[in-house]
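Engineer: Task: produce atomic coordinates for the following.
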Amino acid sequence: MKDWRTMEPWNKIWIIFISISIILLNIKSSAACNPAEYRIGVECCPMCSPGNRVNKHCTEYTSTSCVPCIGSTYLDEPNGLTACTPCTHCDPGFGLMVKHPCRPSSDTVCEPLEGFYCIDPNKDGCKSAQRHSICKPGQYIRQKGSPSTDTVCVDCTGDTYSDGSFTSCQPHTQCDLKLQEMKPGTPWSDSECGHESSPHLAAIFITIFIIISTMIGGTIYYLKRKKSGKTLRRCCRNYLDCLQINFYYPALCLFCRTILRTLSTGHPIILIYFV
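Structural biologist: Residues are numbered from 1 along each chain as shown. Below you'll find the predicted structure:
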């Protein structure tokens, strides 16, 4: 390499020019762009406004070319991006519904479904929600659930109860002097009052029922026996009269004799008495 002192003047000028250019380029590339610009190479290009994306980057002689976001896409800030961001989907499977629909300049805003509360909030809405807790029997609702908080349940204590739907524990019913406590109260149910059934009274009713049933049964049986006895006596009397009148022709009394035989099987005592 030639010594600087022996170098031709024009070569010295050329080297100095190249060095200065490189230094200037490094300074320009390392300099920060304005807040409303983005860097492409050595150029600071103007950003696209919200709802738009970059179609063509700027050059030394042209500005940035922007186009609107279309379809279910958006960009909510000034940007130097060449693609828009897909809109968020409010998934009912995550307990969400649409609060504000997606626009080119803003994303979809989701909120919890009715009966749900948010467990993963974001800037303006919610990413995921969970169903409100349900208070169990024996608990009351101290604080109802909201879109941002869960239901608060508290156990009932002492002589109080709740079926899980009350906003406060209710006192157990106190039975008055005329009523007896049939079922004691629990933390989840009220006490029950009623009239006590006397075991002596029940025994009396049963005894009266048995006596009346026996009397009715005996009366029916007696009437049937009495009717059968009258029929037998009438038949026997007619048969004896028939034999006296038709002593030599007993076959004429066949009908009466047949009846007598039939009845004698079931009524031997009456038969012996009358025969």
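Engineer: which residue sits closest to residue 171, ignoring its sequence neighbours?
Structural biologist: Of all residues beyond its chain neighbours, the one nearest residue 171 is residue 160 (5.6 Å), with distances taken as Cβ to Cβ, 6 or more residues apart in numbering. Placement of C-beta: from N, CA and C, glycine included.
Engineer: Who are the contact partners of the one you found?
Structural biologist: Listed by Cβ atoms under 8 Å, 6 or more residues apart in numbering, the contact partners of residue 160 are 169-172, 187.
Engineer: Ok, residue 173 next?
Structural biologist: Listed by Cβ under 8 Å, 6+ apart, the contact set of residue 173 reads 185, 190-193.
Engineer: coming back round to it: and the residue nearest to residue 171, what's its pLDDT?
Structural biologist: pLDDT, residue 160: 90.
Engineer: same question, residue 77
Structural biologist: pLDDT, residue 77: 95.
Engineer: give me phi/psi at it?
Structural biologist: Residue 77 adopts backbone torsions of phi -140, psi 160, taken as degrees, to the nearest 10.
Engineer: For the nearest residue to it once chain neighbours are set aside, give its distance to residue 214.
Structural biologist: Counting by Cβ to Cβ, 6+ apart, residue 77 lies nearest to residue 50, which is 5.8 Å off, once chain neighbours are set aside. Here the criterion is Cβ to Cβ, to the nearest Å. By it, residue 50 lies 101 Å from residue 214.
Engineer: any idea which element the nearest residue to residue 127 once chain neighbours are set aside lies in?
Structural biologist: The shortest distance from residue 127 to any non-neighbouring residue, by Cβ to Cβ, 6+ apart, is to residue 120 (4.1 Å). Residue 120 belongs to strand 116-121 when assigned by DSSP states H and E.
Engineer: what lines up beside the next helix or strand after that strand in the sheet?
Structural biologist: Per DSSP H and E, strand 116-121 leads on to strand 126-131 as the next helix or strand towards the C-terminus. Here strand 126-131 has these sheet partners by DSSP bridges: strand 116-121 (antiparallel).
Engineer: what is the mean pLDDT for the strand it pairs with?
Structural biologist: For strand 116-121, mean pLDDT is 95.
Engineer: Likewise for stretch 145-157?
Structural biologist: pLDDT averaged over stretch 145-157 gives 94.
Engineer: Show me what counts as buried in stretch 49-63.
Structural biologist: For stretch 49-63, the neighbour count (16 or more other Cβ atoms under 10 Å) marks 50-54, 57-58 as buried.
Engineer: re the thing from before, between the contacts of residue 160, which is nearest residue 180?
Structural biologist: Residue 180 lies nearest to residue 172 out of the contacts of residue 160, by Cβ to Cβ, at 14.6 Å.
Engineer: And the pLDDT at the residue nearest to residue 167 when sequence neighbours are not counted?
Structural biologist: Nearest in space to residue 167, with sequence neighbours left out and distances taken as Cβ to Cβ, 6+ apart, is residue 141 at 5.1 Å. Residue 141 is assigned a pLDDT of 94 by the prediction.
Engineer: can you count the residues close to residue 141?
Structural biologist: Residues lying near residue 141 (other Cβ atoms under 10 Å) number 20.
Engineer: any low-confidence regions in the stretch 1-150 of the chain?
Structural biologist: 1-17, 19-31 (pLDDT under 70).
Engineer: Could you work out the most separated pair of the contacts of residue 173?
Structural biologist: 185 and 193 (10.5 Å).
Engineer: show me what contacts residue 108?
Structural biologist: Residues in contact with residue 108 (Cβ under 8 Å, 6+ apart) are 87-90, 98, 100-102, 125.
Engineer: any idea how far it lies from residue 176?
Structural biologist: From residue 108 over to residue 176 the distance is 62 Å, taken as Cβ to Cβ.
Engineer: With residue 105 instead?
Structural biologist: Using Cβ to Cβ, residue 105 is found at 71 Å from residue 176.
Engineer: Is residue 207 part of a helix or strand, or is it coil?
Structural biologist: The assignment at residue 207 comes out as helix when based on DSSP: H, G, I helix; E, B strand; the rest coil.
Engineer: For it, the count of nearby residues, please.
Structural biologist: Count around residue 207 with other Cβ under 10 Å applied: 10.
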